[in-house]
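A.B. asks: compute the structure for the input listed below.
(one chain, ligands or ions: 1)
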Amino acid sequence: MIEIHNIHKAFGDKKVLDGVSGVFETGKTNLLLGASGTGKSVLLKCIVGLIKPDLGSVTFDGTYFTNNKLDIRQEIRRKIGMLFQGSALFDSMTVEENVEFPLKMLTEMSKEERRERVDFCLRRVGLEGANKKMPSEISGGMKKRVGIARAIAPNCTYLFCDEPNSGLDPQTALKIDELIKEITEEYNITTIIVTHDMNSVIEIGDKIFFLYEGKKLWEGTRDEIMDTDIKELNDFIFANRLMRDAKKVEEEEREEEREEEERRHEAEDHASAPSEATVQTQAAPQPENPEGPTATTQTGRDKV
Ligand SMILES: Nc1ncnc2c1ncn2[C@@H]1O[C@H](COP(=O)(O)OP(=O)(O)OP(=O)(O)O)[C@@H](O)[C@H]1O
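C.D. replies: Purely as a prediction, here's the structure:
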């Protein structure tokens, strides 16, 4: 679990983050959502320590990160996997050398152990056999997969993805989203993804943090996001025509359900409402009759 508390960051006079707090849960895909320039990437960089916040703190599984001793920060950094925008592979290295790179840098693994780990990670992202290819020989989606394999190779505890879908067609983007979610759940990783892609929100947004002008305006799940009354969030979500149509269909379906429910209640009320005759019979003094209530109901029903 990663906790951030009251993060502030300005560049000169420009305030970019204005007191952002939140908890990113383990085993969940946490999304930082917001329009361009709203501070998502700066927040991500503050969390991983690439930018120092002016104020506020970041805690990884209870260990204070910001301003802590260098060796403690390095220990935490070793547990962080990063998937960069555009994959950021080393063009001069093969696929397997790219994935092996953090193992060489961060672990004491032998050559044989590294080879096994590289093969395992490439298999896990569906790239078995692509070891010797160069980045220039593979597609954008495959590059993202190599990026994911490289990020998880050193057994990361925390995974940060900056716009993992950028530049991908919708189908490939969905596959990458699903892969990130599967890996997050399978290895119980705390994953934070920067995105402005509503498809990702709907497919994999376990928890969504909506940033607006450097502030966190809303947080919730993908099931809750369509029903908020935050104007800025609604403007963001429904800027997309497909999302507006989806919302309209959902509202129409709900209206139909409500009407159906009302009709059912009316029918039930009607069936169970005693008729005038029954009321009169019940109100009248009853003869002593062990079958009283049944007889009364029966009488009423006979007269309806
Ligand atoms: N190193 C920096 N120096 C000065 N300004 C910066 C720096 N990094 C980011 N900014 C500014 O901070 C603001 C937020 O940038 P950020 O990259 O976090 O936006 P974002 O929400 O990730 O947008 P996008 O979705 O377009 O990537 C922008 O106005 C940007 O110009």
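
A.B. asks: flag every residue of this structure that's near the ligand.
C.D. replies: Residues of the chain found near the ligand (C-beta under 6 Å from any ligand atom) are 11, 16, 34, 36, 37, 38, 39, 40, 41, 42, 196. The C-beta positions use only the backbone N, C-alpha and C, and glycine is treated the same way.

A.B. asks: the helices in this structure, which residues?
C.D. replies: For the chain, the helices defined by DSSP state H cover 40-48, 70-78, 95-106, 111-124, 140-152, 170-186, 198-204, 231-237, 241-272, 276-283, 292-303.

A.B. asks: would you mind finding the most buried of the ones you listed?
C.D. replies: helix 140-152 (a mean of 24; mean count of other C-beta atoms under 10 Å).

A.B. asks: among the residues of the chain next to the ligand, name the buried ones.
C.D. replies: Using 16 or more other C-beta atoms under 10 Å as the burial test, the residues of the chain next to the ligand include 16, 34, 38, 39, 40, 41, 42, 196 as buried.

A.B. asks: for the second one, which residues are in contact?
C.D. replies: Under the criterion of C-beta atoms under 8 Å, 6 or more residues apart in numbering, the contact partners of residue 34 comprise 40, 196, 210, 211, 212, 236.

A.B. asks: re the thing from before, ranking the helices of the chain by mean pLDDT, which is last?
C.D. replies: For the helices of the chain, the weakest mean pLDDT is recorded on helix 292-303, namely a mean of 39.

A.B. asks: report how many residues lie close to residue 137.
C.D. replies: 11 (other C-beta atoms under 10 Å).

A.B. asks: and the residue of the stretch 201-304 of the chain found nearest the ligand, how close does it get to residue 34?
C.D. replies: Taking C-beta to the nearest ligand atom, the ligand has its nearest neighbour within the stretch 201-304 of the chain at residue 211, 6.8 Å off. Separation of residue 211 from residue 34 (C-beta to C-beta, to the nearest Å): 4 Å.

A.B. asks: now do the shared contacts for those two.
C.D. replies: residue 40.

A.B. asks: touching, residue 206 and residue 24? I think so.
C.D. replies: No - the pair residue 206 / residue 24 is not scored as a contact, 9.9 Å apart, by C-beta atoms under 8 Å.

A.B. asks: what count of nearby residues applies to the residue of the stretch 201-304 of the chain closest to the ligand?
C.D. replies: By other C-beta under 10 Å, the residues close to residue 211 number 24.

A.B. asks: I figured it hits residue 219, correct?
C.D. replies: No - between residue 211 and residue 219 there is no contact under C-beta under 8 Å: 10.0 Å.

A.B. asks: who has more neighbours out of residue 206 and residue 24?
C.D. replies: More crowded of residue 206 and residue 24, by other C-beta under 10 Å: residue 24, with 22 against 17.

A.B. asks: what bridges to the more buried one?
C.D. replies: residue 2 (DSSP bridges).
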